[in-house]
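>>> please find the sequence and the predicted model below.
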Amino acid sequence: MDVSKKRLSQITGIAERTLTRYQAEGMPYESAAKRGQPNVYNISQILAWLLDREKSKTTERELDLNTERARLARAQAEKVEVENRVRAGELVKTAVVVKSVAEFCRIVKEMIYTAQDRLSRYLDVKTAARVRKEFDKGIVAIADSAGKAAREMEEQEK
């Protein structure tokens, strides 16, 4: 049975604009014999085309599911690889590195203060105070750099 676009819209519940878009996507229709006259649509052909269209959407969703399964499998394989490298000692957790760097900074700070105290014995009070101030600036700079590096490492781990 052949119908107009308006009637096809009423039968299928699909807006006329959408039907026009479907026409551009390949929905079958019979072109009007004369310019300015409406196109004609065969209901059985249209319903078959709409069913095929829905069927292809289902296939696309199934393909998306397969893609997601493959993505999940890759992520699981990567996780196992990382765990294996950690066990083999090739990778170290950020928390361990941060703790080691903090301990290293503590030792360096202690060594600097010890050197500063020994050096102060040979200087006058005013010079010793300036040296102590410079040493303190250096220690603060080292601590700031270590803290910044630790924060960056933690951010990268997230």
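Yep, it's here.
>>> when you work out contacts or count neighbours from here on, use the C-alpha atoms and nothing else.
Will do.
>>> low-confidence ranges in this structure?
Applying pLDDT under 70 to the chain flags residues 32-33, 58-63, 157-158.
>>> how about the helices in it?
Using DSSP state H, the helices of the chain run over 5-12, 16-25, 43-87, 94-120, 125-157.
>>> end to end, how far does stretch 28-43 reach?
End-to-end span of stretch 28-43 (C-alpha to C-alpha, to the nearest Å): 10 Å.
>>> ok, back up a step: export the helices of the chain to a markdown table and tack on distance to residue 36?
As requested, the helices of the chain are exported to a markdown table (distance: least, C-alpha to C-alpha, whole Å):
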| stretch | distance to residue 36 |
| --- | --- |
| helix 5-12 | 14 |
| helix 16-25 | 15 |
| helix 43-87 | 22 |
| helix 94-120 | 72 |
| helix 125-157 | 64 |
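>>> residue 37: which of those helices is closest?
Residue 37 lies closest, by C-alpha to C-alpha, to one member of those: helix 5-12, at 11.5 Å.
>>> ok now that closest one, how far from the chain's centre?
In terms of C-alpha atoms, centre = their mean, to the nearest Å, the centre of helix 5-12 is found 44 Å from the chain centre.
>>> hmm, who's touching it?
Helix 5-12 is contacted from outside by 14-16, 19, 38-41, 43, using C-alpha atoms under 8 Å, 6 or more residues apart in numbering.
>>> do the same with stretch 75-87
91-93.
>>> try 7 Å
Applying C-alpha atoms under 7 Å, 6 or more residues apart in numbering, the contact partners of stretch 75-87 are 91-92.
>>> before we move on, the earlier item: out of the contacts of helix 5-12, which comes closest to residue 127?
residue 15 (88.6 Å).
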